[in-house]
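Student: Build me a model:
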Amino acid sequence: MNSKFLKIRVLKPIQLLLLVLECCWATVIILDGNSVYHATVLQNYHLSFLSALLSVSLVAVFLASRFITLTRRDLLFLSCYFIYVIVYLWLKWDYLDVETFVSMFILGVPAMYILFKNINRSGHVFELLYRIADIILLLSVVSIILWYLGSISGIFNTNSGVIIQWGSEKMVYGYWGMQYNLQYDTTFGIQFYRNSSIFCEAPMFNLWLNIALATEIFLKKKVSRIRVIILCVAILTTMSTTGIIFCILCFGLNYWNNIEKRKRKMRYVLYSTLFILIPVAIIAIQNVMELKAGTLSFAMRMQDYIAGVRVWIENPIFGCGLGNLTPLYQYSYALAGNIGYSNSVFAVLATGGIWMSVLYYVPLFAMVLIGKKANNGLFDFGICCLYLFITTIFFARFISAVLISLGLFMLLNRNVLVSEYSVKSDSKNHF
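Tutor: Numbering: from 1, shown residues only. Sure, this is the predicted structure:
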């Protein structure tokens with residue numbers, strides 16, 4: 001048989017080990033991201049620590065394969081970084097979830113920085129984010145099927161259950177441990193369960209779908225329309241306003257990128273498009289805000305912003321202890337014992353103060369500013385991350401450590417990124 005017709009990729013043992021570890025790493029991080037398995041009452045799976053352990057394991061495999069290279073600049077940065085976070089840990093020891101803090105900032109961020117630094121040598125700096133997108137895509141397909149056949153049509157009956165602590169302690173039921181019924185909502189007079197997959201609420205599932213969608217559109221050189229469509233359908237099933245706006249944001253940025261590349265030849269199209277799109281976008285956002293303004297969700301978000309500022313003012317430098325949301329609950333809106341918080345921006349500011357806010361937001365803004373010079377995709381992905389931090393609560397989950405590490409890597413390696421990815425952007429296949 002002619003070898004050109006037989007294209008079977010045989011992985012070396014070390015490559016196979018890395019692939020397995022990367023898939024396990026992505027799966028555990030997703031489960032740590034406010035899934036029912038993270039919030040379960042009867043069993044603590046220590047998912048944040050397991051995420052950090054897998055990150056360190058990946059570094060160990062790279063080290064054993066002699067793939068690890070660190071410059072003096074990297075070592076100096078890591079030394080200063082450790083001093084910075086250890087000072088905060090020492091000052092706020094009694095007010096922190098020490099296991100989560102150590103997992104994210106003592107183990108996670110340094111390990112992820114080293115991984116991004118060395119994976120970049122092979123030209124696949126976003127490989128780990130691709131793994132997350134792959135798992136979320138699979139989860140999306142499963143959730144859409146089980147949501148329709150179970151939660152909506154009732155063809156499948158619930159056959160599993162778990163007790164979780166999310167706002168209040170409650171029992172939730174689902175299908176084979178892969179889909180749960182949590183949010184029974186009313187939209188346009190129709191009552192139904194929103195698709196929350198394995199997560200504690202639909203907005204948490206939407207968060208992961210948004211990250212996967214941004215990865216597919218902006219970080220992959222070749223965009224798969226099928227994958228994008230599946231993710232968009234899953235976002236619609238969550239009935240999340242945040243998700244719908246996120247889709248508009250992604251496609252708007254992608255469309256703008258396409259126009260930008262041809263703006264010299266199509267300047268009249270650019271300005272006529274802006275003339276139409278800007279008023280439409282303003283009207284759409286106003287309508288959405290008016291719709292949300294009449295809902296409990298909008299009132300809770302506004303109350304959360306106020307609560308965050310009040311708690312931050314009490315301890316502006318170090319906050320009340322990163323992840324310690326109890327003081328916020330004293331101000332936040334509560335209904336029938338369902339107490340929660342809705343965004344990461346003010347949660348970081350209130351609980352971590354200026355000290356930890358620097359560690360969160362400098363990398364995120366670096367991702368945007370440096371990404372603009374390097375590649376439109378990196379810039380757009382950074383914009384999407386900032387949007388999610390403003391609208392969703394996930395600052396104390398390991399995925400935040402991943403994004404912080406990516407931003408730090410870009411900040412300290414911006415010259416390499418600008419020279420390498422600005423060339424790749426010209427041949428990128430846009431959606």
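Student: shaky segments in the stretch 1-150 of the chain?
Tutor: For the stretch 1-150 of the chain, applying pLDDT under 70 flags the ranges 1-11, 66-67, 121-124.
Student: all helices of it, in order?
Tutor: 13-32, 36-39, 47-64, 72-91, 98-101, 109-119, 127-146 (DSSP state H, counting those that start in this stretch).
Student: and the residue most central in space within the chain, what element?
Tutor: Ranked by distance to the mean C-alpha position of the chain (C-alpha atoms, centre = their mean), the top residue is I211 at 4.8 Å. In this structure, I211 sits in helix 202-214 according to DSSP states H and E.
Student: my read: L70 touches P110, true?
Tutor: No: the pair L70 and P110 fails to qualify as a contact (C-beta atoms under 8 Å) at a distance of 10.6 Å. In this view, the C-beta of every residue, glycine as well, is placed from N, C-alpha and C.
Student: Those two - which one has more neighbours?
Tutor: P110 (23 against 13; other C-beta atoms under 10 Å).
Student: Quick check, the more buried one in contact with S79.
Tutor: No: P110 is not in contact with S79 according to C-beta under 8 Å; the separation is 10.3 Å.
Student: sec struct for C320, please.
Tutor: coil (DSSP: H, G, I helix; E, B strand; the rest coil).
Student: picking up where we left off before, among the helices of the stretch 1-150 of the chain, show me which one is buried the most.
Tutor: With neighbours defined as mean count of other C-beta atoms under 10 Å, the helices of the stretch 1-150 of the chain peak in mean count at helix 109-119, which reaches a mean of 23.
Student: And the contacts of it?
Tutor: Here helix 109-119 makes contact (C-beta atoms under 8 Å, 6 or more residues apart in numbering) with 52, 55-56, 58-59, 62, 67-70, 74, 78, 81-82, 85, 125, 127-128, 401-402, 404-406, 408-409, 413.
Student: and that helix with helix 13-32, angle?
Tutor: 140 degrees (axes from the mean of the first three to the mean of the last three C-alpha atoms, to 10 degrees).
Student: what angle do helix 109-119 and helix 72-91 make?
Tutor: 160 degrees.
Student: ok now helix 109-119, how far from the chain's centre?
Tutor: 18 Å (C-alpha atoms, centre = their mean, to the nearest Å).
Student: And the helix or strand hosting F365, what does it pack against?
Tutor: Secondary structure assignment for F365, by DSSP H and E: helix 344-374. Contacts defined by 3 or more C-beta pairs under 8 Å, 6 or more residues apart in numbering; DSSP states H and E place helix 344-374 against helix 72-91, helix 296-314, helix 326-329, helix 376-391, helix 398-412, helix 414-425.
Student: any low-confidence regions in the stretch 201-350 of the chain?
Tutor: Short version for the stretch 201-350 of the chain, where the test is pLDDT under 70: 259-301, 331-342.
Student: Before we go further, M171 is sitting in a helix, right?
Tutor: No: counting by three-state DSSP, M171 falls outside a helix, being strand.
Student: Quick check, it in contact with V162.
Tutor: Yes: if you go by C-beta under 8 Å, M171 and V162 touch, sitting 7.4 Å apart.
Student: Those two - which one has more neighbours?
Tutor: Higher neighbour count among M171 and V162: V162, with 19 against 9, using other C-beta under 10 Å.
Student: From S405, how far out is that one?
Tutor: 31 Å (C-beta to C-beta, to the nearest Å).
Student: Equivalent analysis for T100, please.
Tutor: 16 Å.
Student: Would you mind extracting the C-alpha trace of stretch 359-371 into PDB?
Tutor: This file holds the C-alpha atoms of stretch 359-371, laid out as PDB (Å, rounded to 0.1, in the frame of the first residue of the first chain):
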ATOM      1  CA  LEU A 359      -1.500  40.000  40.400                       C
ATOM      2  CA  TYR A 360      -4.800  39.400  38.600                       C
ATOM      3  CA  TYR A 361      -5.200  42.500  36.500                       C
ATOM      4  CA  VAL A 362      -1.700  43.300  35.400                       C
ATOM      5  CA  PRO A 363      -1.400  39.900  33.500                       C
ATOM      6  CA  LEU A 364      -4.900  40.300  32.000                       C
ATOM      7  CA  PHE A 365      -4.300  43.800  30.700                       C
ATOM      8  CA  ALA A 366      -0.900  42.700  29.500                       C
ATOM      9  CA  MET A 367      -2.600  40.000  27.500                       C
ATOM     10  CA  VAL A 368      -4.700  42.700  25.800                       C
ATOM     11  CA  LEU A 369      -2.000  45.300  25.200                       C
ATOM     12  CA  ILE A 370       0.800  43.000  24.200                       C
ATOM     13  CA  GLY A 371      -1.700  40.900  22.200                       C
END
